[in-house]
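Q: next come a sequence and a model predicted from it.
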Amino acid sequence: MTQLQRIAIALSQFQEGKILLTPEQQHYLGRVLRLREGDRFIAMDGLGKWWLAQLEGTLAQVLELLEVQTELPVSITLMVALPKGNGFDEVVRCCTELGVAMIAPVISERTLLNPSSQKVERWRRIAQEAAEQSERSFVPTILEPVSFSNNLSSFANNEQYICVARGNSPHLQNCLQDKGFLINDLEQRRIVVATGPEGGWTEKEVECAINAGFKSVSLGRRILRAVTAPVVALSLVAAAYEAPTSAFA
Ligand code: SAH
């Protein structure tokens, strides 16, 4: 099954056991992937389901629902202060590969960029392509950019961490280990990790975040770039929950 090509299909395209393919999808399946009439592929609805489908002209016949288990056992949201240039493209791509559930681009006091709405569309496309590539069953949600300080309460029901590059914050890995969680608790766990821009968070931002329930954490002794930090934070959380050590579990 894994050799079959995967493409994301909107729910509205599923009709009575068939998939109505858009001209772009027909082009992609026929010309780019060179599938022929009767060939099979996987249709992902981006909401957790994969379907085995068979190409029939401008349609595809839905053959069966497939079992997929490629998602992390916890829901991880990243609040990422927008880095300059196209750095966020890479953040979206890598973090989708690593299993992020949601990315909230945030504008902080030292953020240099004010993104256009086309950027958000672009990031959503990148997330979709990366989810297909990584055989994920969910396409992560990319929120519209919002101010960091004004939205600190958006994820109040989550376990919240803010990564701070300097100072004596405990390592994120130790904070996760401190929890002593039960594996069968994982379904309900929701974690938010915030990472700052090139110039770092201001003291006031860190203070406000702590007041809002965030715990300040370190990702190690080296200063990581704004695009590296979210990838490292996500890798640590994913590894802790996906491959817990026996002492940890
Ligand atoms: N220019 C700043 C560093 C900014 S690094 C300075 O010199 O202090 C960009 C962001 O990555 C930071 O705001 C932080 O969220 C994250 N980050 C980078 N390295 C980190 C580390 N070692 N520990 C925790 N967070 C880190």
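A: On my side now, so go ahead.

Q: going by C-alpha atoms from here, please, whenever you check contacts or count neighbours.
A: Noted.

Q: show me the shaky parts of this structure.
A: Segments of the chain classed as low confidence (criterion: pLDDT under 70) are 1-2, 177-188, 245-249.

Q: one more time with 50, if that's ok
A: For the chain, residues meeting the criterion pLDDT under 50 lie at 182-184, 247-249.

Q: flag every residue of it that's near the ligand.
A: Contact residues, the chain versus the ligand (C-alpha under 6 Å from any ligand atom): 163-166, 195-201, 218-226, 229.

Q: please redo it, this time with the cut-off set to 8 Å
A: The chain comes close to the ligand at residues 162-166, 171, 194-201, 217-230, as judged by C-alpha under 8 Å from any ligand atom.

Q: strands - which of these land there?
A: Where the residues of the chain next to the ligand overlap with strands, as defined by DSSP state E, the overlap consists of Ile162, Cys163, Ala194, Thr195, Val217.

Q: switch those residues over to a markdown table; also include neighbour count.
A: A markdown table is the format used below for those (neighbours: other C-alpha atoms under 10 Å):
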| residue | neighbour count |
| --- | --- |
| Ile162 | 25 |
| Cys163 | 25 |
| Ala194 | 26 |
| Thr195 | 25 |
| Val217 | 24 |
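
Q: list the contacts for Gln26?
A: With contacts defined as C-alpha atoms under 8 Å, 6 or more residues apart in numbering, the neighbours of Gln26 are Thr58.

Q: the residue nearest the centre of the chain: which element?
A: Here the mean C-alpha position of the chain is nearest to the C-alpha of Val100 (C-alpha atoms, centre = their mean), at a distance of 2.9 Å. For Val100, there is no helix or strand it lies in under DSSP states H and E.

Q: hang on, isn't it packed against Ser75?
A: Yes: with contacts counted by C-alpha atoms under 8 Å, Val100 reaches Ser75, the gap being 7.3 Å.

Q: does the residue of the chain positioned farthest from its centre count as helix, strand or coil?
A: Within the chain, the residue lying farthest from the chain centre (C-alpha atoms, centre = their mean) is Glu37, at 34.1 Å. Here Glu37 is coil, with the state taken from DSSP: H, G, I helix; E, B strand; the rest coil.

Q: that one: what's it in contact with?
A: Listed by C-alpha under 8 Å, 6+ apart, the contact partners of Glu37 are Gln54, Leu55, Glu56, Gly57.

Q: count of residues packed around the second one?
A: It refers to Leu55. 22 (other C-alpha atoms under 10 Å).

Q: what's the domain layout of the protein?
A: The chain is divided into the following domains under automatic domain parsing: 6-66, 75-241.

Q: please identify the most buried of the ones you listed.
A: When neighbours are counted by mean count of other C-alpha atoms under 10 Å, the highest per-stretch mean among the domains of the chain falls to domain 75-241, a mean of 18.

Q: good, wrapping up.
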